[in-house]
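> Quick one: sequence and predicted model below, then my questions.
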Amino acid sequence: MTVRALFCGTPDFAVPSLDALCRLGYEVVVITQPDRPRGRSRELAPPPVKIRALELGLPVLQPERLRDAMDDIRRFAPDVIVTAAYGKILSEALLSLPRVGSVNVHASLLPRWRGAAPIQRAIWAGDAETGITLMEMVRDLDAGPILAQERVAIEPTDTAGTLHDKLAHLGGEVCERYLPRYVAGELAPVPQPEEGVTYAEKLTREDEWIDWTRSAAEIDRQVRALAPVPGATSALTTGEELKILAGRPIETATFGDPGEVKPRGDALWVSCGGGVYEISEVKPSGRRVMPAGAFWRGLRGEGVRMRGNARDDR
């Protein structure tokens, strides 16, 4: 008998999981967020899951409110619901609808990093590894019992962008490996331990500001956690704001107060509260991405520096 799967997902992260359901031969109906205005033109654009679903010839529902799609879902009578970064909370009525159960593909090793930004928070915290958790869904945020976990190392050069792609791919593999066993009743859900629970709070505008009084290692984690978007932001003493998109901590002594800058070819060295941070790539406000050194040479001003604590004195 063909397994009927209702898939709920929206961004790029969810696409490999959707592909996995199709490789498994499941009958799939897709629910994703409505088209939203994007870019400077503010034209309506479909989410990545919708684009992929249409390429695969799958039926797509885009309700603003999930309860508006309940009649269609009941008619489909799913055996299993699979969610991956859908962006909305599923009701108790929907979670209890499928014959087998409802599962979520989550981008962390639960119970660490429940919530909205697990990839960014793992990098920012300096975690050595993260992974994918396949869990049964409950009403509480990312608190359901664990069905399977697979791990991946966080490399010193990983950004939120590169780690996102690794985990998205791994999410698809986890679905393909473990969903058939779950549907067959071969996986026993394991409750999450009470110890080790952390929450990955949604990123805010305040999170973007670099405080140069912090260590170079801390700043490096912040830059990588926010790259490529929204990008870590530094204020200059000229009043300009600058996105720092790439760099690395340098094992050398500081050479001045936090925020002082030394040009180094196409890069910039910035003195921090501990150590030196080398900036290699920046995006000035309203301009293209460019080498940090080229941007600095274009300032043509003596004494320009990064503000020592952008949060306090911008």
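That came in fine, so what should we check first?

> what about the residue nearest to residue 125 when sequence neighbours are not counted, neighbour count?
Spatially, and ignoring its direct neighbours in sequence, residue 125 is nearest to residue 221 (7.6 Å; Cβ to Cβ, 6 or more residues apart in numbering). Every residue, glycine included, has its C-beta placed from N, CA and C. Residues near residue 221, counting by other Cβ atoms under 10 Å, number 22.

> Helix or strand: which one has residue 221?
Secondary structure assigned from DSSP states H and E places residue 221 in helix 216-225.

> what does residue 111 give?
Per DSSP H and E, there is no helix or strand for residue 111.

> re the thing from before, hmm, the residue nearest to residue 125 is touching residue 123, no?
Yes: using Cβ atoms under 8 Å, residue 221 is in contact with residue 123, at 6.0 Å.

> Could you tell me the angle between the helix or strand hosting residue 182 and helix 216-225?
Taking DSSP H and E as the criterion, residue 182 maps to helix 160-183. Here helix 160-183 runs at an angle of 60 degrees relative to helix 216-225 (axes from the mean of the first three to the mean of the last three Cα atoms, to 10 degrees).

> all helices of the stretch 201-314 of the chain, in order?
For the stretch 201-314 of the chain, the helices defined by DSSP state H, counting those that start in this stretch cover 216-225, 292-299, 310-313.

> List the contacts of the residue nearest to residue 125.
Counting by Cβ atoms under 8 Å, 6 or more residues apart in numbering, residue 221 makes contact with 123, 124, 125, 126.

> Just send those residues back as TSV, with distance to residue 19 and secondary structure too.
Output for the contacts of residue 221, formatted as TSV (distance: Cβ to Cβ, whole Å; DSSP: H, G, I helix; E, B strand; the rest coil):
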residue	distance to residue 19	secondary structure
123	26	helix
124	29	helix
125	30	coil
126	32	coil
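
> Domain parsing of this protein, as residue ranges.
4-199, 205-313 (automatic domain parsing).

> Would you single out the least confident of those domains?
When the domains of the chain are compared by mean pLDDT, domain 205-313 comes last with a mean of 90.

> quick check, distance from the helix or strand in which residue 152 is found to the centre of its chain.
Assigned by DSSP H and E, residue 152 falls within strand 146-153. With Cα atoms, centre = their mean, to the nearest Å as the basis, strand 146-153 stands 17 Å off its chain's centre.

> That strand: which residues count as buried?
Residues of strand 146-153 classed as buried: 146, 147, 148, 149, 150, 152 (neighbour count, 16 or more other Cβ atoms under 10 Å).

> which one of those sits closest to residue 44?
residue 152 (34.8 Å; Cβ to Cβ).

> ok, what's across the strand from the closest one?
Taking DSSP bridges as the rule, residue 152 bridges to residue 130.

> ditto for residue 277
Judged by DSSP bridges, the bridge partners of residue 277 are residue 249, residue 270.

> how near is it to residue 76?
Per Cβ to Cβ, to the nearest Å, residue 277 is found 53 Å from residue 76.

> higher neighbour count, these two?
residue 277 (25 against 19).

> Correct me if wrong: the more buried one contacts residue 252.
No: the pair residue 277 / residue 252 is not scored as a contact, 10.6 Å apart, by Cβ under 8 Å.

> Any idea how many residues pack against the closest residue to residue 223 other than its chain neighbours?
Distances taken as Cβ to Cβ, 6+ apart put residue 232 closest to residue 223, at 4.6 Å, once the chain neighbours are dropped. Counted with other Cβ under 10 Å, residues neighbouring residue 232 total 24.

> ok, now which ones touch residue 232?
Contacts of residue 232 by Cβ under 8 Å, 6+ apart are 208, 209, 210, 219, 222, 223, 226, 243, 244, 245.
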